[in-house]
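Trainee: Okay, sequence plus prediction incoming.
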Amino acid sequence: MIKKIDINSDEFIAELEKTKEFTDKVCSSQGWVYNPDLEINESVSFGLARNKLIYKKRFCPCFMVEEVDGKYKSVDDRICPCKPALQKEIPQNGVCHCGIFCTKEFAKQKETSDKAEEVAHTHSRGLSKAECEELLSNPQLDSDELESLLEARELGMITFLLVDVREWMEWIGQRIKTTDYLIPTTSFYDALSQIENKKDKNIILYCFSGSRSAYCQQVMQSMGFTKVSNLTRGIMTYNGECESGE
């Protein structure tokens, strides 16, 4: 069952404000700062607020939530700020898995990198069937590659399933046009029943920034799905056509 939250409701707006106060305190107490990418922070904050409303805990929005013996539990006990972030991710990488919290050093480096980065990846048109199949075999795809594959699929050259692993509220706000399925990360195993009989099909996953979909990719591969690719940096970098609504 996909759980739906109205992000325009008074209840959600109030919880989102409480979540912002909570993450402010986490940063202050740990000596962390927010990610310079404001879109990542907003996405994670929305997920934390959503989980607090539904599950009564601020489970990490990048990980699955399961009901065990009548109680909700997150994979690896991922309750913000989670132990893996405190003990490993931020000390080693400078940033937590979800991306909202980071060290001052990481934030400074990222700001410098973002300013210097030039997107020089030229979108390739008119791919051959063989080239499309080669692309589909890659475990990681970028925005231009996915756009090319969607064009080839529209022409009937190849077939694959495009799956959004974000939440329903993100799905209706904006999704990649012609997305086939919504399989939210937090209700992943239940929603996965939609494609359980398609383990031999080519499947491309995406989320907001690529972290949730990369995690779901690993889970699906462990379950016997043989051809799963990930949109590396998510819908936030996608330059193709999108749509909204139910």
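Mentor: Cool, got the structure. Quick caveat, the model's predicted, so the values are computed rather than measured.
Trainee: Could you list the buried residues of the lengthiest helix in the chain?
Mentor: Looking across the chain with DSSP state H, the single longest helix is helix 10-30. Neighbour-count burial for helix 10-30, counted by 16 or more other CB atoms under 10 Å, picks out 12, 15, 16, 19, 22, 23, 26, 27. (Each C-beta comes from the backbone N, C-alpha and C, glycine too.)
Trainee: hang on, isn't the third one packed against residue 43?
Mentor: Okay, so that is residue 16. No - look at residue 16 against residue 43 with CB atoms under 8 Å: they stay out of range, at 12.0 Å.
Trainee: Kindly export the longest helix of the chain (C-alpha atoms) in CSV.
Mentor: Coordinates of each C-alpha in helix 10-30 appear next as CSV, following Å, rounded to 0.1, in the frame of the first residue of the first chain:
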residue,chain,number,x,y,z
ASP,A,10,-1.4,22.2,7.5
GLU,A,11,-0.3,19.1,9.2
PHE,A,12,2.6,18.5,6.8
ILE,A,13,3.7,22.1,6.7
ALA,A,14,3.8,22.2,10.5
GLU,A,15,5.8,18.9,10.7
LEU,A,16,8.2,20.2,8.0
GLU,A,17,8.9,23.3,10.2
LYS,A,18,9.6,21.0,13.2
THR,A,19,11.9,18.9,11.0
LYS,A,20,13.9,22.0,10.0
GLU,A,21,14.2,22.9,13.7
PHE,A,22,15.4,19.3,14.4
THR,A,23,18.0,19.3,11.6
ASP,A,24,19.3,22.7,12.7
LYS,A,25,19.9,21.3,16.2
VAL,A,26,21.6,18.2,14.7
CYS,A,27,24.0,20.5,12.8
SER,A,28,24.7,22.6,15.8
SER,A,29,25.3,19.7,18.2
GLN,A,30,27.5,17.8,15.8
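Trainee: quick one: it to chain centroid distance?
Mentor: Counting by CA atoms, centre = their mean, to the nearest Å, helix 10-30 is centred 21 Å from the centre of its parent chain.
Trainee: With stretch 172-181 instead?
Mentor: That offset, for stretch 172-181, works out to 13 Å (CA atoms, centre = their mean).
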